[in-house]
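S.K.: Sequence and predicted structure below; questions after.
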Amino acid sequence: MDLPPLIDLNDDVTDVVSSATSHSYTDPSGTKIFDRYFSSSSSPTKSRSSYSSDDDDSSQPSNSTIKRLDYTMQFLDRKLHLNEGGGNNNKHSSSSSTYLPEFIAKGGGIPMFKPPLRAAVHPGRPPSLEVRPHPLRESQVGCFLRTIVGTERQLWAGGENGVRVWEFGQLYEESECESGTAPFRESVKGLPGVTCMVGDEGSGAVWSGHKDGKVRCWKMKMNGFDDGFREAFAWQAHRGPVLSLCISSYGDLWSGSENGSIKVWLWEVIERALFLPEEKRHIAASTVARSFIDLRSQVAVNGFNSILTSDIKNLLSDKCGAKVWSAGFLSFALWDARTRELLKVFNVDGQIENRVDMSLVPDFAMEDEVKMKVVTSSKKDKMQGSFGFFQRSRNAIMGAADAVRRVAAKGGFGDDTRKTEAMVLTIDGMIWTGCANGLIVQWDANGIRLQDFQYCSSAVQCLCTFGSKIWVGYVSGVVQVLDLEGNLIGGWVAHSSPVIKMAIGAGYVFTLANHGGIRGWNVTSPGCLDNTLSSELAGKEFLYTRIENLKILAGTWNVGQGRATTDSLISWLGSAASDVGIVVVGLQEVEMGAGFLAMSAAKETVGLEGSAVGQWWLDVIGKTLDEGSTFQRVGSRQLAGLLIAVWVRNDLRAYVGDVDVAAVPCGFGRAIGNKGAVGLRVRVFDRVMCFVNCHFAAHLEAVNRRNADFDHVYRTMNFSRPSNLSGASAGMVPYLLFSCTLACSMYLLWLVYRSGLPLVLSVAAGASSAVQMLRSSNAMSGQTVEGMPELSEADMVIFLGDFNYRLDGISYDEARDFVSQRCFDWLRERDQLRAEMEAGNVFQGMREADIRFPPTYKFERHQIGLAGYDSGEKKRIPAWCDRILYRDSRSTLGSECSLDCPAVSSILQYEACMDVTDSDHKPVRCIFSVDVARVDESVRRQELGEIMESNEKIKFILEDLCQIPETIVSTNNIIIQNQDTSILRVTNKCGENDAFYEIICEGQSTVKEDGQVSDRYPRGSFGFPRWLEVIPATGVIKPDHTVELSVHHEDFQTLEEFVDGVPQNWWCEDMRDQEIILIVKVRGRYSPDTKNHHVRVCHCYSVKTKKVDDKPNESGQVQGNVLPRSDYQRLSSSFEFVDQMRNLHSL
């Protein structure tokens, strides 16, 4: 359903402004905007106080209120200009004379060349809560966030430099921390990088594993709200980094590290450390550090070598079946959570591993023998006088491939695509694993592989679950949602970089991207709530939209292997850069020649670029722009003779970042950089801009080659940054290919030294082509979901360079005459580029200002004026070879800048510097005035909170979705002893919806001789005491169904004390009667809250009859392990039985 316009453009603007200033302007929901923000309260409803605290001085508007007023006035001002223009939608129509007319190429309707789809609320995904908007990469060096974990009231994030905490109750509030980020607290900085985290509600602690091998304990309840909090205590857990953590169903903390190291830290020791006063925490750390169980030393290595030598990157507590899973490279191990015994080892195919299969280990002796034969043969060839290049390359390549095979045999690359990347336990007791090849595998609690699914070719990075849904995060940035049967419910692009971690809390699934951004997705997504919420949020676009204006100076120059004077650079750039925010410079033919081109191609194969001459140009241009004091260079890229660089004004630097570069060779078989393009991508005000410097094929008749060069550049330019995440699914082939190209490069350098002949170029072409294949394979995961070129995803693209298009159907003398008479209109009709753009053959949909300067090619060096055109033997016809074109977000000519069309540009100046004579080309410059629409995430987050809190339709939908089914339990009291087993039945009385249950232990207490009960303390993560086993502890109850739970007493009457992993002491457990309170937590599919049933379980060591209730019942007194039964009864989330249970001992 389309929303009504906020302002009817047919209305009298005077009336609109008048009504606005009289506080009568209303948004689509009926809220009076100015009444709302000029009132003493910044909130339209009283319930808003649940999101933010009241200001001490209610008469002072908040910062967010001032912002919203400012954005609203911007909105009204834009509409006012529209109306003054008489319906003319041209940008700034009142001053349109200051902008140059433009020519638009045909073919812009082709999907590949269309501007990317943008909107106030992303049309391709559910609305999200921006906890932490995408930060600029340059601002995150050394402090990237790497993991997140959710607790009942908080979201914790671990980074490379410390820990952050968000309170769920403050997610919608305004923050003065990072721009747009929800309020958070931060630990002291300087900590080693966090690698993993796990929350422990039972002990009120969060445990973090670090790169330095330490485990740190953080208390959830912190004193005060200031930053700089510290850990409660820490200890050295492993020699290498702590790669994984989990808490077992008995409260023990398990940690995994490199080379198969798994250690268990018993709850009994951790509990003592937690209750020590702060001044004795150093004692706690030393005590815990030595009190561990080293599982690797407890198990015979001979039978299970594969799992016990692989890095333990995943640990999973199966609280449903009281087990712990550990995942190595291609294997799993299943452990008993209570006894810590190794139950089973199996590979990713589900096959049990009992012994190392030596046939799988490469026979390096045989390989060495084969290699020796090759070397011997090679020596004979040398003695026969054959020193050919290919024989040398063959030997070197075989040596490199041998090294790669050795690494692969150790688990580095072999079968890399099958590696387990993530694990999760669902509510029904199934275990799901995600692989590097995108495969999602379902296992039962005993390690039996059931089935697998694949909905995406990218590597799975993380998994999480809530209710009946499984959330999958991929390296491509995609998030998918599956049901418990593995069926795909929906999916969308959640982030522009890999989704590396997910967490649950406050009715949201939080996703952490590799760039450090955090978004929250409603647990009901995808669903009926999404459309309603998107519509409401989009209707308030004007309240959180900010329009920024900046000027961009783009300059291109084919320097013809020469060097420029200071005066030339000032004339070209310095004189025009006084009031611009961004300067983009593209140079061609910085350095040429067969030897240089070959050397450049060789360097490209090993990831090197640049030259001394290129650096000279960067230095002199930087000096011209007053680099350091006025501008900063944010990035550059050189490919042979092509060079691009971008400078940003200092006051704009904080809003510019995420710089990526790319290069596409087009010369000599698409491999040599004498022709091609270099590009630079950057985020400006959260919008993506790409700048591409090109040098296409020369000569008058090569029009089709030039068109093909553009098409090749546009389709293949890839800015994706290679990383260990994207490389995880690449397999072994690219690395072998890289080794081959490396070997070729080494011999290429030798050839350059020996000859410098054209043969060098052919060899360089081969090596460069191979490395282009390697980069393409590594970048597959970075491409857009639709497979579109990366340039098509930018909000604005500027192409500049020596495109080499000439003038057709005109002689040299005629061209000179027209130029001298400045008859440029007639010459433009002969322009090859304009003709090809008109036909839709090249630069489809792009724009260029009308050319009002003479052709820029070809001139005699150091000759001033138009008389300097080439007068030599060839007499090349003057031509506009050097051009600057662009494409912004406009899909139609009259589009205004908004969140739907976030980048709208006009051209202020387009000219050539005809007084510069240092090259046979004249430098060209173009100044753009660009309006950029960006979202104020802080304001939009507050608007989202208000919608969620006050919108009646959304509240009704959530109330319906979050209903908790009515359930009953069969008894509230259980007595067990002597390895008895009792049955607890839970019934779902709802006839429509599934009920999801989880059983935890609220705490254990000791029954004293006088019948009194000691204080009750929960174990870690509300785990069970070691004498109790509850199976299944989680599950799904179908409508009108009953599940039976086994409550079993385990014979566990001795405790062990471990020092440095070795058992030292044994003693008898307390023989007094024990009592615990089990809580059966029941929730619906989407309900964040639960209804709790309390069940008292008493463990009696004596065989005497224990009185539990004075009231008579049909079975009489309960003796021994007989289960006392009660009538089925309706229970709610209240603690209606707690008082009765606490008084049972005195009855």
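M.R.: Arrived safely. Numbers count the residues shown, from 1 in each chain.

S.K.: Do a quick rundown of the strands in the stretch 451-600 of the chain.
M.R.: Under the criterion DSSP state E, counting those that start in this stretch, strands of the stretch 451-600 of the chain are mapped to 460-466, 469-474, 478-483, 488-493, 499-505, 508-513, 518-522, 545-558, 582-588.

S.K.: winner for burial among those?
M.R.: Mean neighbour count (mean count of other C-beta atoms under 10 Å) peaks for strand 582-588 among the strands of the stretch 451-600 of the chain, with a mean of 28. Heads up, the C-betas are built off the backbone N, CA and C, glycines and all.

S.K.: Would you mind pulling the contact partners of that strand?
M.R.: For strand 582-588, contacts defined as C-beta atoms under 8 Å, 6 or more residues apart in numbering pick out 550-559, 573, 577, 617, 621, 625, 631, 641-649, 652, 656, 678, 680, 684, 691, 693-695, 798, 800-802, 921.

S.K.: Let's see that with 6 Å instead.
M.R.: With contact meaning C-beta atoms under 6 Å, 6 or more residues apart in numbering, strand 582-588 is reached by 552-559, 577, 621, 642-648, 691, 693, 695, 800-802.

S.K.: Relative to Phe275, which of the strands of the stretch 451-600 of the chain is closest?
M.R.: In this view, these are compared for proximity to Phe275 by C-beta to C-beta, and strand 499-505 is the closest at 26.9 Å.

S.K.: Alpha carbons of stretch 595-607, in PDB - could you do that?
M.R.: Output of stretch 595-607 as PDB, limited to C-alpha atoms (Å, rounded to 0.1, in the frame of the first residue of the first chain):
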ATOM      1  CA  GLY A 595      60.900  -3.600 -19.300                       C
ATOM      2  CA  PHE A 596      58.800  -1.600 -16.900                       C
ATOM      3  CA  LEU A 597      55.600  -3.200 -18.000                       C
ATOM      4  CA  ALA A 598      57.000  -6.600 -17.600                       C
ATOM      5  CA  MET A 599      58.300  -5.800 -14.100                       C
ATOM      6  CA  SER A 600      55.000  -4.300 -13.200                       C
ATOM      7  CA  ALA A 601      53.200  -7.500 -14.300                       C
ATOM      8  CA  ALA A 602      55.600  -9.600 -12.300                       C
ATOM      9  CA  LYS A 603      55.000  -7.400  -9.200                       C
ATOM     10  CA  GLU A 604      51.300  -7.700  -9.600                       C
ATOM     11  CA  THR A 605      51.400 -11.500  -9.500                       C
ATOM     12  CA  VAL A 606      52.900 -11.300  -5.900                       C
ATOM     13  CA  GLY A 607      50.600  -8.500  -4.700                       C
END
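
S.K.: Could you point out which of the strands of the stretch 451-600 of the chain sits nearest Phe956?
M.R.: strand 518-522 (15.0 Å).

S.K.: so the closest one versus strand 469-474, what angle?
M.R.: Angle, strand 518-522 to strand 469-474, by axes from the mean of the first three to the mean of the last three C-alpha atoms, to 10 degrees: 150 degrees.

S.K.: Strand 518-522 - which strands sit beside it in the sheet, and in what orientation?
M.R.: Strand 518-522 has the following strand partners under DSSP bridges: strand 128-132 (antiparallel), strand 508-513 (antiparallel).

S.K.: close enough to count as contact, Val509 and Trp471?
M.R.: Yes: using C-beta atoms under 6 Å, Val509 is in contact with Trp471, at 5.3 Å.

S.K.: what do the two both touch?
M.R.: Met502.

S.K.: May I see the strands of the stretch 451-600 of the chain organised as a markdown table, with distance to Lys1081 and mean pLDDT added?
M.R.: Output for these, formatted as a markdown table (distance: least, C-beta to C-beta, whole Å; pLDDT from 0 to 100):
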| stretch | distance to Lys1081 | mean pLDDT |
| --- | --- | --- |
| strand 460-466 | 14 | 97 |
| strand 469-474 | 18 | 97 |
| strand 478-483 | 22 | 97 |
| strand 488-493 | 25 | 96 |
| strand 499-505 | 14 | 97 |
| strand 508-513 | 19 | 98 |
| strand 518-522 | 21 | 97 |
| strand 545-558 | 43 | 96 |
| strand 582-588 | 55 | 97 |
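
S.K.: any chance of these in TSV, plus distance to Glu829?
M.R.: As requested, these are exported to TSV (distance: least, C-beta to C-beta, whole Å):
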stretch	distance to Glu829
strand 460-466	55
strand 469-474	51
strand 478-483	49
strand 488-493	45
strand 499-505	53
strand 508-513	50
strand 518-522	52
strand 545-558	23
strand 582-588	26
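
S.K.: Which of those strands sits closest to Glu173?
M.R.: Comparison of the strands of the stretch 451-600 of the chain against Glu173 by C-beta to C-beta identifies strand 518-522 as nearest, at 14.3 Å.

S.K.: Now that closest one - C-alpha only, PDB.
M.R.: What follows is strand 518-522, C-alpha atoms only, in PDB (Å, rounded to 0.1, in the frame of the first residue of the first chain):
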ATOM      1  CA  ILE A 518      25.700  -4.800  14.700                       C
ATOM      2  CA  ARG A 519      22.100  -5.000  13.700                       C
ATOM      3  CA  GLY A 520      19.100  -6.500  15.500                       C
ATOM      4  CA  TRP A 521      16.400  -8.400  13.600                       C
ATOM      5  CA  ASN A 522      13.100  -9.200  15.200                       C
END
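
S.K.: what angle separates that strand from strand 499-505?
M.R.: 50 degrees.

S.K.: Indicate which one of the strands of the stretch 451-600 of the chain is closest to Arg185.
M.R.: strand 518-522 (15.0 Å).

S.K.: residues in contact with the closest one?
M.R.: Strand 518-522 is contacted by residues Pro126, Ser128, Leu129, Val131, Arg132, Tyr508, Val509, Phe510, Thr511, Leu512 when judged by C-beta under 6 Å, 6+ apart.

S.K.: Where does pLDDT dip in the stretch 501-650 of the chain?
M.R.: Counting by pLDDT under 70, the stretch 501-650 of the chain contains no low-confidence range.

S.K.: hmm, back to that, could I get the strands paired with strand 518-522 as CSV with distance to Cys246?
M.R.: Formatted as CSV, the strands paired with strand 518-522 follow (distance: least, C-beta to C-beta, whole Å):
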stretch, distance to Cys246
strand 128-132, 24
strand 508-513, 19
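
S.K.: Just the buried positions in the helix or strand hosting Asp813, please.
M.R.: In the assignment (DSSP states H and E), Asp813 maps to helix 812-820. The neighbour-count check on helix 812-820 (16 or more other C-beta atoms under 10 Å) flags Tyr812, Ala815, Arg816, Phe818, Val819 as buried.

S.K.: One more: stretch 615-630?
M.R.: Trp617, Leu618, Val620, Ile621, Gly622, Thr624, Leu625, Glu627.

S.K.: Not counting its own residues, what contacts the helix or strand where the fourth one lies?
M.R.: Using DSSP H and E, the element containing Ile621 is helix 612-624. Among residues not part of helix 612-624, those counted as contacts by C-beta under 6 Å, 6+ apart are Leu569, Leu573, Gly574, Val585, Val590, Glu591, Arg633, Gln638, Leu643, Ala645.

S.K.: Out of these, which sit inside helices?
M.R.: Leu569 (DSSP state H).

S.K.: out of the contacts of helix 612-624, which is most surrounded?
M.R.: Val585 (30 neighbours; other C-beta atoms under 10 Å).
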